[in-house]
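K.L.:
my questions concern the predicted model and sequence given below.
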Amino acid sequence: MKTVSQTATKVMAEVVTDLPHRRVGIMGGTFNPPHLGHLIMAQQVGDQLGLDEVRFMPDAQPPHVDEKKTLPAKDRVNMVQRAIADNPLFKLETAELKRGGKSYTYDTMKALKARHPETQYYFIIGGDMVYYLHTWYHIDDLVKLVTFVGIKRTGYPTTSQYPVIWVDAPLVDISSTQIRHKVSQGHTVRYLVPDAVADYIKEHQLYESKPTN
């Protein structure tokens with residue numbers, strides 16, 4: 001005779017098994033600042049792959065970036081929130097910021113997958129980054145946790161030793177470095193970043209050149 005606890009355990013197992021698999025895109029980066037190129041890539045991937053949502057995941061401390069030149073997490077999160085506020089497909093993912101330290105994608109996705117085993121993750125990167133996947137930390141284990149989505153880039157092959165889904169998106173030559181430089185030189189960044197992000201940069205005097213004594 002089955003006990004109540006045994007029956008409950010069986011029912012719970014069936015419920016977990018029958019949970020619908022969510023398809024979630026992840027776009028990581030410093031977002032220093034977020035720009036229209038990021039939004040276009042995320043929208044195209046979400047649309048073409050039929051994802052339930054695309055999450056923008058700011059780095060805490062990127063392993064390859066000089067942290068002294070990166071804005072505090074608060075400012076980058078605020079800009080991302082402003083950038084994605086009017087799009088129901090987009091969400092903010094703060095997993096790396098909460099963990100702190102070096103932001104290795106493998107560690108982050110391992111933790112996310114453990115918390116949400118029913119979710120199928122699609123990690124979005126540019127075609128230029130696909131070329132360097134072999135250098136990523138624990139890449140052989142990472143490809144078991146996520147499906148990589150590569151955005152086609154002129155001059156870079158659409159082949160890889162790792163499984164990658166390739167997506168076409170308009171080629172918009174915008175970079176965060178370019179935007180920071182324009183602001184520091186007193187030039188406009190209109191049509192390069194969402195208006196709400198441009199307003200935030202101006203309100204908080206971000207990236208402006210500091211007078212030298």
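P.N.:
Looks like it arrived, so ask away.
K.L.:
quick check: buried residues in the strand or helix carrying Ile26?
P.N.:
Using DSSP states H and E, Ile26 sits within strand 22-29. Under the neighbour-count criterion of 16 or more other Cβ atoms under 10 Å, strand 22-29 has 23-29 buried. In short, each C-beta sits where N, CA and C put it, glycine included.
K.L.:
now do the closest residue to Arg190 other than its chain neighbours against Gly186, distance only.
P.N.:
Nearest residue to Arg190 in three dimensions, chain neighbours excluded: Ala198, at 6.4 Å (Cβ to Cβ, 6 or more residues apart in numbering). Ala198 is 14 Å from Gly186, where distance means Cβ to Cβ, to the nearest Å.
K.L.:
ok, the two, which is more surrounded?
P.N.:
More neighbours surround Ala198 than the other of Ala198 and Gly186, with 20 against 8 (other Cβ atoms under 10 Å).
K.L.:
just the pLDDT for that one.
P.N.:
Predicted confidence (pLDDT) for Ala198: 98.
K.L.:
with Gly100 instead?
P.N.:
On pLDDT, Gly100 comes in at 85.
K.L.:
give me the nearest residue to it, chain neighbours excluded.
P.N.:
Leaving out its chain neighbours, the residue that sits closest to Gly100 by Cβ to Cβ, 6+ apart is Ala60, at 5.1 Å.
K.L.:
and that neighbour, what's its pLDDT?
P.N.:
Looking at Ala60, its pLDDT stands at 86.
K.L.:
quick one: it and Arg99, what's the gap?
P.N.:
Where Arg99 is concerned, Ala60 sits at a distance of 7 Å (Cβ to Cβ).
K.L.:
these two: who's more crowded?
P.N.:
Here Ala60 and Arg99 are compared on neighbour count by other Cβ under 10 Å; more neighbours surround Ala60, at 20 against 14.
K.L.:
sorry, back to before: let's see the strand holding Ile26 as PDB, backbone CA atoms only.
P.N.:
Provided in PDB are the C-alpha atoms of strand 22-29 (Å, rounded to 0.1, in the frame of the first residue of the first chain):
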ATOM      1  CA  ARG A  22      10.900  27.900 -21.400                       C
ATOM      2  CA  ARG A  23      13.200  29.200 -24.200                       C
ATOM      3  CA  VAL A  24      15.300  32.100 -22.900                       C
ATOM      4  CA  GLY A  25      17.900  34.100 -24.600                       C
ATOM      5  CA  ILE A  26      20.900  35.500 -22.700                       C
ATOM      6  CA  MET A  27      22.900  38.500 -23.800                       C
ATOM      7  CA  GLY A  28      25.800  39.200 -21.600                       C
ATOM      8  CA  GLY A  29      28.200  42.200 -21.600                       C
END
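K.L.:
what angle separates the helix or strand that that strand is followed by from strand 22-29?
P.N.:
Going down the chain from strand 22-29, the next helix or strand is helix 36-49, by DSSP H and E. Interaxial angle of helix 36-49 relative to strand 22-29 (axes from the mean of the first three to the mean of the last three Cα atoms, to 10 degrees): 160 degrees.
K.L.:
list the helices and strands helix 36-49 packs on?
P.N.:
Applying 3 or more Cβ pairs under 8 Å, 6 or more residues apart in numbering; DSSP states H and E, we find helix 36-49 packed against strand 22-29, strand 53-58, helix 73-84, strand 119-126, strand 146-151, strand 164-167.
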